[in-house]
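> Fold the following for me, if possible:
(2 chains)
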Amino acid sequence: MELHALTIHELQEKMKSGAVSSAELTRSVFSQIDKVEDKVHSFIRLMREEAMEQAVRADEQIRQGDIRALTGIPIALKDIVCTRGIPTTCGSRILQNFVPPYNATVVEKLVQAGAVFVGKANMDEFAMGSSTETSFFGPTRNPWDLERIPGGSSGGSAAAVAADECIASIGSDTGGSIRQPAALCGVVGLKPTYGRVSRFGLVAFASSLDQIGPFTKDVEDCAIMMNVLAGYDPRESTSVRAEVPDYRQFLGRDIQGWKIGIPREYFIEGIDPEVSAAIARAIETVRQCGASIVEISLPHTKYCVAVYYIIAPAEASSNLARYDGVRYGFRAADARDLAEMYSKTRRQGFGPEVKRRIMIGTYALSAGYYDAYYGKASQVRALIRRDFDEAFAQCDAILTPTSPTPAFKLGEKTDDPLQMYLSDVFTISANLAGIPGISVPCGFSASGLPIGVQFLTGHFEEGKLLQIASAYEKSAAVEKRRPAL
Amino acid sequence: MKLSTADVEYVARLARLEVTQQEKEKFTAQLNDILHYIDQLNELDTKGVAPMSHAIAVTNAFREDRAAESLGTANALANAPDARGDFFRVPKVIE
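Purely as a prediction, here's the structure:
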């Protein structure tokens, strides 16, 4: 197998033994990018020269015996994490020329761990979307079927891993933006507990929901990435001072005697029959691992999307008020006064989905409507969290589909925002409750599209999450396929 | 219809967002659809439920009041669309 198709842990063995260098590996990744990037369009910007320099440095470190968690491993970064001296666009025209003066904490951590940066991955504008079609820089395509979307908003990060244009990548998840594209592209994606990973340097969308997490080719790589990303950051006041275990210790442990909750509200009408069948098989696999299956109820599930589409736009309308054409980013020309400069800049700088959400959020927070919308949504959010607290008193982990359907076609939902929003119906609840979730490949549709299964656990239980994901992955032994590009 | 085109115009002004006539009409229809969907929250009795504004319990994070390294003027101005000297330059605010 070619180097770019291998996992972090496989490559680390080869680099440690001296069989492979990071320079060879990085060249292999870029040769794959040269071959497939025109078709997939995973990236907004490639960092070829920087990557080759980092790879040479990594090889020097390996020779000196300084081998860290990700030494010499090519990683893609969603273009929402700030990279010092490298443009960070967030998929938007308004940040097209923005060059951050600092690195996000996760970028610093990856640098410290010895990673090589391949490029900045494509995404829905300001992470608002479920298909990567709202990017100002054009859509990313699903490597498994180029007529279809890769999911979103971290579609570029997911597609880059699936198409072997990097070994692993970084995404962010506000309502499913890591887990849904992971499922649709056939890779592993984890959204950590809110507060587990620092958001410093993450361009803010909805601050009470956003979390950064990894995309990888298998669960072991996911644990390796989480070891690097997790931890308290004094620069981020919502990051939590909780001990970070070595997540690799949870791999390969059995789940004998675990109780796995199946929420009856997640098996709804409209779910694709091939997804239902794949999830039924996943449940059977988990049972064969020695876990018992218990039916549980998350009674407020049907309200998750409605709550999310108040809270996320409300926070976004406030966060995006900073884009005014004064301090950084795009500014519209020919404004007669300051107020006109603001409104023209924002009209020309933002795309339709971002505008729509700013409008919903502004309305929901406006005088006379605050209690009816934001207040009400915040109360129902408390009920949704309570549902999970009660569920986790009865089970160790919850199993659900990640997405109701496999990847849909480009343009299929762009004219109907509500239909697009409903594709996040199974992932939003974890963000509202703040709990961690992972999507693991669980099979393919008859037409060859990947399907994902989602596991959820309680706050700060990423260890348990990786334990069940790894037990499932091993037992299910889902056929290893690669997209034909 | 909960929202009229005039409401959309008002909200756009609050958001400092210039909208075309075509956008106004499109947003009016789409926002009404979305708000109609959101109305299902009113089926729930939430009397006495404390609103949740954070995903996890957080308290104010204080640190020692000591000067730390900061961005510096040159870095802060580096991305400005229009800077002069140590300042951001904008169109005039008052007549």
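> Pull the number of nearby residues for whichever residue of chain B sits closest to chain A.
Using C-beta to the nearest C-beta, residue B:55 is the residue of chain B that sits closest to chain A, at 2.9 Å. (C-beta placed from N, C-alpha, C; glycine too.) Residue B:55 has 24 neighbours, counted by other C-beta atoms under 10 Å in any protein chain shown.
> quick one: residue A:114 from chain B, how far?
From residue A:114 across to chain B, the span is 25 Å (C-beta to the nearest C-beta, to the nearest Å).
> Give me the buried stretch members for stretch A:396-412, please.
Using 16 or more other C-beta atoms under 10 Å in any protein chain shown as the test for burial, stretch A:396-412 gives A:396-408, A:410, A:412.
> Name the pair among the residues you listed with the greatest separation in space.
Maximum pairwise distance in the buried residues of stretch A:396-412, criterion C-beta to C-beta, is 39.1 Å, between A:396 and A:410.
> quick one: pLDDT of the spatially closest residue to residue A:323 that is not a sequence neighbour?
Spatial nearest neighbour of residue A:323, chain neighbours left out: residue A:94 (5.0 Å); criterion: C-beta to C-beta, 6 or more residues apart in numbering or on different chains. For residue A:94, the pLDDT comes out at 98.
> How about the stretch 351-485 of chain A: which residue is closest to chain B?
Using C-beta to the nearest C-beta, residue A:434 is the residue of the stretch 351-485 of chain A that sits closest to chain B, at 2.9 Å.
> what's around that residue, how many residues?
The number of residues packed near residue A:434 is 25, by other C-beta under 10 Å.
> what does residue A:96 give?
Counted with other C-beta under 10 Å, the neighbours of residue A:96 add up to 16.
> which SS class is the residue nearest to residue A:456 when sequence neighbours are not counted?
Once flanking residues are discounted, residue A:456 sits nearest to residue A:398: 4.3 Å by C-beta to C-beta, 6+ apart. Here residue A:398 is strand, with the state taken from DSSP: H, G, I helix; E, B strand; the rest coil.
> Equivalent analysis for residue A:190, please.
strand.
> what does residue A:355 give?
What three-state DSSP gives for residue A:355 is helix.
> hang on, it packs against residue B:17?
Yes. At 6.2 Å, residue A:355 and residue B:17 qualify as touching, with contact defined as C-beta atoms under 8 Å.
> ok so residue A:139 is a strand residue?
No. Under three-state DSSP, residue A:139 sits outside any strand and is assigned coil.
> My read is that it contacts residue A:149, right?
Yes. Using C-beta under 8 Å, residue A:139 is in contact with residue A:149, at 7.0 Å.
> Next one: the residue of chain B closest to chain A relative to residue A:432, how far apart?
8 Å (C-beta to C-beta, to the nearest Å).
> Overlap in contacts, these two.
Any residue near both residue B:55 and residue A:432 by C-beta atoms under 8 Å, 6 or more residues apart in numbering or on different chains counts here, and that gives residue A:209.
> Okay, strands next: where are they in chain B?
With strands called from DSSP state E, chain B shows them at B:83-84, B:87-88.
> closest one to residue A:331 among these?
Residue A:331 sits nearest to strand B:87-88 of all the strands of chain B, at 10.4 Å, using C-beta to C-beta.
> Strand partners (parallel or antiparallel) of the closest one?
With DSSP bridges as the test, strand B:87-88 is paired with strand B:83-84 (antiparallel).
> so when I look at residue A:262, I'm seeing a strand, right?
Yes. Assessed with three-state DSSP, residue A:262 lies in a strand.
> Could you count how many residues lie near it?
Neighbours of residue A:262 (other C-beta under 10 Å): 17.
> my guess is it meets residue A:297, correct?
No. In this structure, residue A:262 is not within contact of residue A:297 by C-beta under 8 Å, at 10.1 Å.
> Leaving out chain neighbours, which residue sits closest to the closest residue to chain B within the stretch 1-150 of chain A?
Across the stretch 1-150 of chain A, the shortest distance to chain B (C-beta to the nearest C-beta) belongs to residue A:101, at 4.1 Å. Leaving aside its chain neighbours, residue A:101 sits nearest to residue B:75 (4.1 Å; criterion: C-beta to C-beta, 6+ apart).
> Run a quick neighbour tally on that neighbour.
Quick note: residue B:75 (other C-beta under 10 Å) scores 13 neighbours.
> so what's the backbone phi/psi at the most centrally placed residue in chain B?
Residue closest to the average C-alpha location in chain B (C-alpha atoms, centre = their mean): residue B:15, at 6.8 Å. Backbone torsions of residue B:15, given as degrees, to the nearest 10, read phi -90, psi 0.
> Quick check: it vs residue B:91, distance?
Distance, residue B:15 to residue B:91, by C-beta to C-beta: 19 Å.
> Now do the same contact list for residue 88.
I went with chain A, as the question did not name one. By C-beta under 8 Å, 6+ apart, the contact set of residue A:88 is A:79, A:80, A:81, A:82, A:95, A:98, A:99, A:100, A:120, A:203.
> could you do chain B instead?
With contacts defined as C-beta under 8 Å, 6+ apart, residue B:88 is in contact with A:326, A:327, B:77, B:80, B:82.
> how does it look with 10 Å?
A:325, A:326, A:327, A:328, B:76, B:77, B:80, B:81, B:82 (C-beta atoms under 10 Å, 6 or more residues apart in numbering or on different chains).
> now residue A:7
Counting by C-beta under 10 Å, 6+ apart, residue A:7 touches A:13, A:73, A:167, A:168, A:216, A:217, A:218, A:220, A:221, A:224.
> Could you pull up the residues touching the second one?
Taking C-beta under 10 Å, 6+ apart as the criterion, residue A:73 is in contact with A:7-9, A:11-12, A:15, A:22, A:25-26, A:29, A:55, A:58, A:110, A:113-116, A:118, A:166-168, A:221, A:224-225.
> Kindly recompute the last result at 6 Å.
In this structure, residue A:73 makes contact with A:8, A:115, A:167, judged by C-beta atoms under 6 Å, 6 or more residues apart in numbering or on different chains.
> Scan those residues and report the most crowded one.
Comparing these by number of neighbours (other C-beta under 10 Å), residue A:167 comes first, having 30 neighbours.
> one step back: so for residue A:139 and residue A:149, which residue has more residues nearby?
Between residue A:139 and residue A:149, counted using other C-beta under 10 Å, residue A:149 has the larger neighbour count: 30 against 22.
> which bits of chain B sit near chain A?
Counting by C-beta under 6 Å from any C-beta of the partner chain, chain B comes close to chain A at B:11, B:14-18, B:27, B:30, B:33, B:37-38, B:40-41, B:46, B:49, B:51-56, B:58, B:61, B:71, B:75, B:79, B:81, B:88, B:90-91, B:93.
> Inside helices: which ones of those residues?
B:11, B:14, B:27, B:30, B:33, B:37, B:38, B:75 (DSSP state H).
> Chain A against chain B: which residues are in contact?
So chain A meets chain B at A:98, A:101, A:194-195, A:208, A:237-238, A:303, A:306, A:326-328, A:331, A:335, A:337-338, A:341-344, A:346-347, A:358-359, A:362-363, A:376, A:378-382, A:417-418, A:434 (C-beta under 6 Å from any C-beta).
> Pull up the gap between the residue located most distally from the centre of chain B and residue A:238, please.
When distances are taken from the C-alpha mean of chain B, residue B:66 lies farthest, 31.0 Å away, according to C-alpha atoms, centre = their mean. Going from residue B:66 to residue A:238 by C-beta to C-beta gives 22 Å.
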